[in-house]
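# Sequence plus the predicted model coming up.
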Amino acid sequence: LSFHYNSQTITKFINSLFVKVLSQNDMNYLQGMVETIIREMVINAVKANSKRVYFKKMNLDINNSFQYQQGMESFKAFLIGEMEKIPTELKDNGLTVELFVKKTDIGFKIIVKNNSGLLPFEEERIRLRLEKAKGYSDFTDIYMDVSDDQEGEGLGIPLTVLFLKNSG
């Protein structure tokens, strides 16, 4: 499945896809968790693409750490203020998100990817969040320790890890 922006139609389609896939494989108990994690991954992929549109629009070099910091100070305001324009701008800039689902011998492989390259400092932030998330044992730990809200509330990766951990 390939799309530019995560509309309600796309979200409903993805959810219905997983309802069918999980029910056909006697895994209905994972439905809520899978929907939540996929939604988070899709939002992050669209947000990363939107960031590229924003930096281009502001004539900022996303690869320059100083300009990156400068741009990130107003990126959230752009996401909120330009919400209606972003889908068109993503499409006009050829930025897409793709969802792949593949059945394997031991379950399913789900991949959500965009066509924006991951910057080294973005990858470092993700790795740090993943490593930190491994130490959480419940939701309270996450909410008490949200310290990185540069691009959002900082809950996505820790919640995803906790969901996966708790579901086995």
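It's in.
# helices or strands up against the lowest-mean-pLDDT helix or strand in the chain?
Across the helices and strands of the chain, mean pLDDT, DSSP states H and E gives its lowest value to helix 139-144, namely a mean of 74. Here helix 139-144 touches helix 156-167, going by 3 or more CB pairs under 8 Å, 6 or more residues apart in numbering; DSSP states H and E. C-beta here means a position set from N, CA and C on the backbone, and glycine is covered the same way.
# and after the top helix by length along the chain, which helix or strand comes next?
When the chain is parsed with DSSP state H, its longest helix is helix 31-57. Downstream of helix 31-57, the first helix or strand assigned by DSSP states H and E is helix 65-81.
# relative orientation of that next one and helix 31-57 in degrees?
Put simply, helix 65-81 runs at 120 degrees to helix 31-57, going by axes from the mean of the first three to the mean of the last three CA atoms, to 10 degrees.
# Can I get helix 65-81 as PDB, trimmed to CA atoms?
Taking Å, rounded to 0.1, in the frame of the first residue of the first chain, the C-alpha atoms of helix 65-81 are listed here in PDB:
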ATOM      1  CA  SER A  65      22.800  20.600  12.500                       C
ATOM      2  CA  PHE A  66      22.400  24.300  13.300                       C
ATOM      3  CA  GLN A  67      19.800  24.800  10.600                       C
ATOM      4  CA  TYR A  68      18.100  21.600  11.700                       C
ATOM      5  CA  GLN A  69      17.700  22.900  15.200                       C
ATOM      6  CA  GLN A  70      16.500  26.200  13.900                       C
ATOM      7  CA  GLY A  71      13.900  24.600  11.700                       C
ATOM      8  CA  MET A  72      12.700  22.200  14.400                       C
ATOM      9  CA  GLU A  73      11.800  25.100  16.700                       C
ATOM     10  CA  SER A  74       8.900  26.000  14.400                       C
ATOM     11  CA  PHE A  75       8.200  22.600  12.800                       C
ATOM     12  CA  LYS A  76       5.300  21.700  15.200                       C
ATOM     13  CA  ALA A  77       3.600  25.000  14.500                       C
ATOM     14  CA  PHE A  78       3.900  24.200  10.700                       C
ATOM     15  CA  LEU A  79       2.300  20.800  11.200                       C
ATOM     16  CA  ILE A  80      -0.600  22.300  13.000                       C
ATOM     17  CA  GLY A  81      -1.000  25.500  11.000                       C
END
